[in-house]
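1. I would like the atomic coordinates for the input below:
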Amino acid sequence: PTLGLALPTIHDDEVRRIACRALNTMNAEICGQFRDRIAPAAAIPMHTPDEAIAELEYAARLRLKVAMIPPGVARPIPALEHEHPGAFPNAAYFDCYGLDSFFDYDPVWRKFLELKIAVTSHGGVGLRYLPLGRRSPTNYMFNHIGAHAYQQGELCRSIVMGGVATRFPKLAFGFLECGAGWACDLLHSLEEHWEKRNVAGLVNYDPSRLDRPRLHQLLAEYGGPEFIAKNSARAVRAYDEGLERHDRAADRDEWALTGVREEHDFARIFGNFYFGCEADDLSVHRALDARANPMRTRLQPIFSSDIGHWDVPDISTVLLESHRLVDKELLTDADYRDFVFTYPAQLHLKADPEFFAGTAIAGAVARLNA
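-> Below is the predicted model of the structure:
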């Protein structure tokens, strides 16, 4: 399955699209007879909205009902490529689909809704040209630690700041294998930055409100004559230039696209976000402990076993590890049920209320809905 993470990030258009289609066809054929207990994820390339829509439609024809996108697309920087051909991939722009994207991805989000498929994303070390936030040429562990969270955090911020989550309030997003600690920090940062830097808050930093005579009086009193002689003209010039810049940007609202009008809107947005956590992930407790999160928000971690990777040397211990936070009395039985069943089910039920129809757990899901 790890191959599915890499194929959508291949930069060659033809190879990328053919490879994703071949993988999706193969997985649909292999798993088709086990539809009552397994739902393979389609790998969706996202370099353009058209190719993403085409593969989503093809996956739906294959009866695949889960789809995974990469956390972003590495693109050449047009101006740099013009001056320095071949600068890519060493110099690249990380396009996360929401804010400052090269394309309008709203048709893709509408297609997810139309096909009743949740948006799930997965990053990884070694994906083609995608940044990790950490770069060591010699140490894989150095690069791996925090890499998934970095990529998923970029995507999540782009989805929020670009207003995708507000324009599509019924669309569920799953950020996979990245833990939930970064999400707690992101929610806190969004709330705090909005509080200080929304349109009303910017008034506090308006240089036109500065009492200039009083400022020069204080400079003279505490800076001394020598300071005033050397710096007053430069200070006045810098102040005037800053005031001009502020005037040009006075109507700039960096939150305009988000659709956020008050801080609790962020809690509503995060109600459609789910965060993949592995069995030994301590951030599950932090996500579920609403008392410590902004606006007493209970985030939604979802269990992922990661069976098949090097961090699971013994598959028989995974479920035992997932229960360890309960054993330590950091989670209740109800918390644990939400982590391993309720929230993973809701991620897909939000997209398709019939997602689990005909499966081995249809009865349990029906009781959950009731």
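2. quick one: contacts for the residue positioned nearest the centre of the chain?
-> Closest residue to the average C-alpha location of the chain: residue 156 at 2.3 Å, with C-alpha atoms, centre = their mean. Residues near residue 156 by C-beta atoms under 8 Å, 6 or more residues apart in numbering: 173, 175, 183, 186, 273. Any C-beta I mention is one placed from the backbone N, CA and C, and that applies to glycine too.
3. what is the burial count for residue 349?
-> 18 (other C-beta atoms under 10 Å).
4. that one: what's it in contact with?
-> So residue 349 contacts 355-356, 365, 369 (C-beta under 8 Å, 6+ apart).
5. which helix or strand contains it?
-> Per DSSP states H and E, residue 349 falls inside helix 343-351.
6. distance from that helix to the middle of the chain?
-> 17 Å (C-alpha atoms, centre = their mean, to the nearest Å).
7. thought residue 102 was touching residue 75?
-> Yes: if you go by C-beta atoms under 8 Å, residue 102 and residue 75 touch, sitting 5.9 Å apart.
8. this protein: strands as residue ranges?
-> Remark: strands assigned in the chain by DSSP state E are 41-43, 66-69, 73-75, 93-95, 119-121, 173-175, 273-277, 301-303.
9. could those go into CSV alongside mean neighbour count?
-> As requested, the strands of the chain are exported to CSV (neighbours: other C-beta atoms under 10 Å):
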stretch, mean neighbour count
strand 41-43, 25
strand 66-69, 22
strand 73-75, 21
strand 93-95, 18
strand 119-121, 25
strand 173-175, 26
strand 273-277, 25
strand 301-303, 24
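10. I'd assumed residue 149 was in contact with residue 132.
-> No: Residue 132 is beyond contact range of residue 149, at 10.1 Å (criterion: C-beta under 8 Å).
11. so which of those two has more stuff around it?
-> More crowded of residue 132 and residue 149, by other C-beta under 10 Å: residue 149, with 24 against 20.
12. for the more buried one, what are its contacts?
-> Contacts for residue 149 (C-beta under 8 Å, 6+ apart) come out as 178-179, 181-182.
13. would you check which pair of the residues you listed lies furthest apart?
-> Farthest apart among the contacts of residue 149 by C-beta to C-beta are 178 and 181. That separation is 9.2 Å.
14. these two: which has the busier surroundings?
-> Neighbour comparison, residue 178 and residue 181: the larger count goes to residue 178, with 29 against 21 (by other C-beta under 10 Å).
15. surely that one touches residue 276?
-> Yes: counting by C-beta under 8 Å, residue 178 does reach residue 276; the two are 6.1 Å apart.
16. point out where the stretch 151-300 of the chain drops to low pLDDT.
-> Scanning the stretch 151-300 of the chain with the threshold set as pLDDT under 70 gives 225-251.
17. who's the residue nearest to residue 340 when sequence neighbours are not counted bridged to?
-> With C-beta to C-beta, 6 or more residues apart in numbering as the criterion, residue 340 has its nearest non-adjacent residue at 4.3 Å, and that residue is residue 303. Taking DSSP bridges as the rule, residue 303 bridges to residue 277.
18. what's near enough to touch residue 303?
-> For residue 303, the contacting residues are 277-279, 322, 339-340, 344, by C-beta under 8 Å, 6+ apart.
19. in helices, which of the contacts of residue 349 appear?
-> Using DSSP state H, the subset of those located in helices is 365, 369.
20. who wins on neighbours among the contacts of residue 349?
-> Highest neighbour count within the contacts of residue 349: residue 356, with 22 neighbours (other C-beta under 10 Å).
21. contacting residues for the residue nearest to it when sequence neighbours are not counted?
-> Nearest non-adjacent residue to residue 356, counting by C-beta to C-beta, 6+ apart: residue 365, 4.3 Å away. Residues in contact with residue 365, defined by C-beta under 8 Å, 6+ apart, are 345, 349, 356, 359.
22. go through those residues and name the one nearest residue 313.
-> Relative to residue 313, the closest of these is residue 345; by C-beta to C-beta it sits at 28.5 Å.
23. for residue 344, see how far away the closest residue to the closest one other than its chain neighbours is.
-> Using C-beta to C-beta, 6+ apart and skipping the chain neighbours, the partner closest in space to residue 345 is residue 365 (5.5 Å). Distance of residue 365 to residue 344, given as C-beta to C-beta, to the nearest Å: 10 Å.
24. and this structure, what are its domains?
-> Taking automatic domain parsing as the criterion, the chain consists of the domains 3-197+257-369, 207-248.
25. can you say which of these is packed in most?
-> Highest mean neighbour count among the domains of the chain (mean count of other C-beta atoms under 10 Å): domain 3-197+257-369, with a mean of 18.
26. how far is it from where the chain is centred?
-> Using C-alpha atoms, centre = their mean, the offset of domain 3-197+257-369 from its chain centre is 7 Å.
27. just the endpoints, please. Distance across it?
-> This stretch, domain 3-197+257-369, spans 35 Å end to end (C-alpha to C-alpha, to the nearest Å).
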